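Colleague: Sharing a model that was predicted from the sequence below.
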Amino acid sequence: MKKVFLFLLIPFYSFSQSYDILFVGNSYTYYNDLPQMLSKIASSFGDSITYDQSTPGGASLYSHSQNQTTINKINQQNWDYVVLQDQSQNPSLSPNYVSANVYPYANELVNLIELNNICTEPIFYMTWGRKYGDQSNCSNYPPVCTYLGMQQRLRESYLFMGVDNNASVSPVGMSFKNSISLDSTIELYNSDYSHPSIYGSYLAACTFYSTIFKKSTVSCSYKPNSITSTEAVFLQQVASSTVLDSLSVWNIFQASFDYYIVNDSVHFINKSSNYENCVWDFGDFNLSFDENPSHIYSQAGAYNVSLSCYSNSGCLIDVFTSQVNINITSFEDQLPSKKQIIRSFDLMGRKVRPNFNGLLFQINNKGDVQKKFNLD
């Protein structure tokens with residue numbers, strides 16, 4: 001279990017990361033040994049994981065909630081992450097079925113995880129639609145008759161479980177979808193059109209690495225022997241972009257913000273996800289706990305603004321920093337200048353003195369023209 005020491009706005013980072021992970025799932029996890037693949041990918045970047053698993057074939061979230069082996073493994077140590085995967089068909093079925101037979105047991109398992117250690121982050125393993133849809137349930141629920149229909153339902157159900165349980169989602173199913181869309185010649189499926197091939201498992205492992213470490217797998221030195229270097233790079237790119245381009249969509253804990261500047265005032269937009277609270281450091285010794293604060297800088301300069309977000313009762317911290325450049329003119333320059341007459345002329349356009357008797361026209365330093373009649 002990683003040790004996290006929290007000092008307000010002074011986070012500690014190391015160049016490598018190490019996590020303890022428990023996989024709770026079934027054959028979609030143990031096919032081609034997904035956990036070991038993830039471990040080898042992490043090692044190639046100087047990171048590491050230790051892992052255990054409870055993955056009996058065909059197991060569902062319901063069966064895991066009743067499985068004493070699974071419960072014992074959840075309680076055996078303080079895990080950094082526990083991965084939860086349902087039976088491949090269940091979350092793709094009708095909303096009524098999923099509400100009754102999937103969501104309650106997702107909640108139950110997350111509660112068990114939190115009771116063991118509030119600092120553990122649950123990750124829901126979004127699986128993929130079967131290559132030709134789920135023909136066994138097609139007549140009862142037509143949306144799963146096709147791959148795309150089944151994939152869409154899996155996406156909806158797993159995202160709901162993530163948000164409903166303040167948990168992250170590893171979008172493996174969406175990595176499959178993106179890979180197929182970009183290059184359908186890479187066969188992600190086993191011969192049963194359901195379980196993953198070595199390509200599918202490698203894509204899943206790359207997706208999990210980006211989900212957990214929030215880093216790209218591109219340039220990873222590890223690949224299975226049966227996968228060419230070109231194919232490995234392609235799968236790495238798909239997994240990395242699927243996760244990292246949409247962290248907030250997958251409810252992955254992160255700190256992030258955007259901003260826009262109006263004169264000396266900066267308006268900040270909090271784009272973080274799956275957090276409990278955040279603290280802003282504006283880089284000028286001022287702090288804020290507001291969700292989307294505005295801040296006025298008193299001097300011009302480059303300020304390193306940091307947003308520190310906390311989750312899991314303060315056990316997890318993520319910090320996002322961006323430099324904000326403020327250009328403020330002098331106070332005098334900001335004041336509107338006084339209108340001054342710069343030219344006077346008569347009706348014929350001839351230049352005259354400002355005290356000229358009679359009708360005259362005057363132009364001020366703002367470019368305004370005014371008519372005036374002097375009479376001494």
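Modeller: Now that the structure is in, tell me what you want to look at. Residues are numbered from 1 along each chain as shown.

Colleague: Which residues does stretch 206-219 contact?
Modeller: The contact list for stretch 206-219 (C-beta atoms under 8 Å, 6 or more residues apart in numbering) reads 17, 19, 21, 34, 38, 41-42, 45, 47, 49, 81, 83, 123, 168-172, 175, 220, 233, 235-240, 242-244, 247, 250, 252, 254. Quick note: C-beta positions are derived from backbone N, CA and C, even for glycine.

Colleague: centre of the chain versus it, how much separation?
Modeller: Relative to the chain's own centre, stretch 206-219 is displaced by 13 Å; criterion: C-alpha atoms, centre = their mean, to the nearest Å.

Colleague: what does stretch 75-95 give?
Modeller: In terms of C-alpha atoms, centre = their mean, the centre of stretch 75-95 is found 20 Å from the chain centre.

Colleague: With stretch 51-66 instead?
Modeller: 27 Å.

Colleague: What is the end-to-end distance of it?
Modeller: Distance between the boundary residues of stretch 51-66 (C-alpha to C-alpha, to the nearest Å) amounts to 22 Å.

Colleague: Stretch 19-36 now?
Modeller: Taking C-alpha to C-alpha as the measure, stretch 19-36 stretches 14 Å from start to finish.

Colleague: So for that stretch, mean pLDDT?
Modeller: When the per-residue pLDDT values of stretch 19-36 are averaged, the result is 98.

Colleague: Repeat that for stretch 115-122.
Modeller: Stretch 115-122 shows a mean pLDDT of 98.

Colleague: again with stretch 229-240
Modeller: Per-residue pLDDT values over stretch 229-240 give a mean of 98.

Colleague: which outside residues touch it?
Modeller: Residues from elsewhere that reach stretch 229-240, judged by C-beta under 8 Å, 6+ apart: 175, 178-179, 182-183, 186, 199, 202-203, 206-207, 209-210, 216-220, 223, 227.

Colleague: which SSE is Leu148 in?
Modeller: Secondary structure here is read from DSSP states H and E; on that basis Leu148 sits in helix 147-164.

Colleague: Figure out how far that helix is from the centre of its chain.
Modeller: The gap between where helix 147-164 is centred and where its chain is centred comes out at 17 Å by C-alpha atoms, centre = their mean.

Colleague: Do you have the helices of the stretch 201-350 of the chain handy? List them.
Modeller: Applying DSSP state H, counting those that start in this stretch to the stretch 201-350 of the chain gives helices spanning 229-244, 331-334.

Colleague: Now the first one: buried residues?
Modeller: In other words, helix 229-244. 231-240, 242-244 (16 or more other C-beta atoms under 10 Å).

Colleague: This protein - how does it break down into domains?
Modeller: With automatic domain parsing as the criterion, the domains of the chain are listed as 18-244, 257-333, 338-374.

Colleague: Which one of the buried residues of helix 229-244 is nearest to Ser139?
Modeller: The closest of the buried residues of helix 229-244 to Ser139 turns out to be Thr242 (C-beta to C-beta; 32.1 Å).

Colleague: Which residue lies closest in space to that closest one, excluding its sequence neighbours?
Modeller: Among residues not flanking Thr242 along the chain, Ser175 sits closest, at 4.5 Å (C-beta to C-beta, 6 or more residues apart in numbering).

Colleague: show me where pLDDT drops low in this protein?
Modeller: Judged against pLDDT under 70, the low-scoring parts of the chain cover residues 1-15, 329-339, 342, 345-350, 357-361, 363-369, 371, 373, 375-376.

Colleague: now with 80?
Modeller: The chain contains residues with pLDDT under 80 at 1-15, 263-264, 328-376.

Colleague: quick one, what contacts the residue nearest the centre of the chain?
Modeller: In the chain, the C-alpha closest to the average C-alpha coordinate belongs to Leu247, at a distance of 1.9 Å (C-alpha atoms, centre = their mean). For Leu247, the set of contacting residues under the criterion of C-beta under 8 Å, 6+ apart consists of Lys214, Gln254, Ser256, Ser273.

Colleague: at 7 Å instead, please
Modeller: With contacts defined as C-beta atoms under 7 Å, 6 or more residues apart in numbering, the neighbours of Leu247 are Gln254, Ser273.

Colleague: Would you check how far apart it and Asp318 are?
Modeller: 10 Å (C-beta to C-beta, to the nearest Å).

Colleague: Look up the residues that both of those two are in contact with.
Modeller: Contact with both Leu247 and Asp318 is made by residues Gln254, according to C-beta under 7 Å, 6+ apart.

Colleague: tally of neighbours for the closest residue to Ser221 other than its chain neighbours?
Modeller: For Ser221, the nearest residue in space outside its immediate sequence neighbours is Ser44; the separation is 4.4 Å by C-beta to C-beta, 6+ apart. Counted by other C-beta atoms under 10 Å, the residues lying close to Ser44 total 15.

Colleague: hang on, Ser44 packs against Tyr222?
Modeller: Yes. At 4.4 Å, Ser44 counts as touching Tyr222 under the criterion of C-beta atoms under 7 Å.

Colleague: how about the CA coordinates for stretch 234-253, as PDB?
Modeller: Once side chains and other backbone atoms are set aside, the C-alpha atoms of stretch 234-253 remain, and they are given as PDB (Å, rounded to 0.1, in the frame of the first residue of the first chain):
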ATOM      1  CA  PHE A 234      -1.000   1.300 -32.500                       C
ATOM      2  CA  LEU A 235      -2.700  -0.300 -29.400                       C
ATOM      3  CA  GLN A 236      -0.700   1.900 -27.000                       C
ATOM      4  CA  GLN A 237      -1.800   5.000 -28.900                       C
ATOM      5  CA  VAL A 238      -5.500   3.900 -28.900                       C
ATOM      6  CA  ALA A 239      -5.500   3.100 -25.200                       C
ATOM      7  CA  SER A 240      -3.700   6.300 -24.200                       C
ATOM      8  CA  SER A 241      -5.900   8.600 -26.200                       C
ATOM      9  CA  THR A 242      -9.100   6.900 -25.100                       C
ATOM     10  CA  VAL A 243      -8.300   7.400 -21.400                       C
ATOM     11  CA  LEU A 244      -6.200  10.600 -21.300                       C
ATOM     12  CA  ASP A 245      -8.300  12.700 -23.700                       C
ATOM     13  CA  SER A 246     -11.400  12.100 -21.500                       C
ATOM     14  CA  LEU A 247     -10.400  11.600 -17.900                       C
ATOM     15  CA  SER A 248     -13.500  13.500 -16.600                       C
ATOM     16  CA  VAL A 249     -15.800  11.400 -18.800                       C
ATOM     17  CA  TRP A 250     -14.500   8.200 -17.100                       C
ATOM     18  CA  ASN A 251     -14.800   9.800 -13.700                       C
ATOM     19  CA  ILE A 252     -11.100   9.300 -13.100                       C
ATOM     20  CA  PHE A 253      -9.800  11.400 -10.100                       C
END
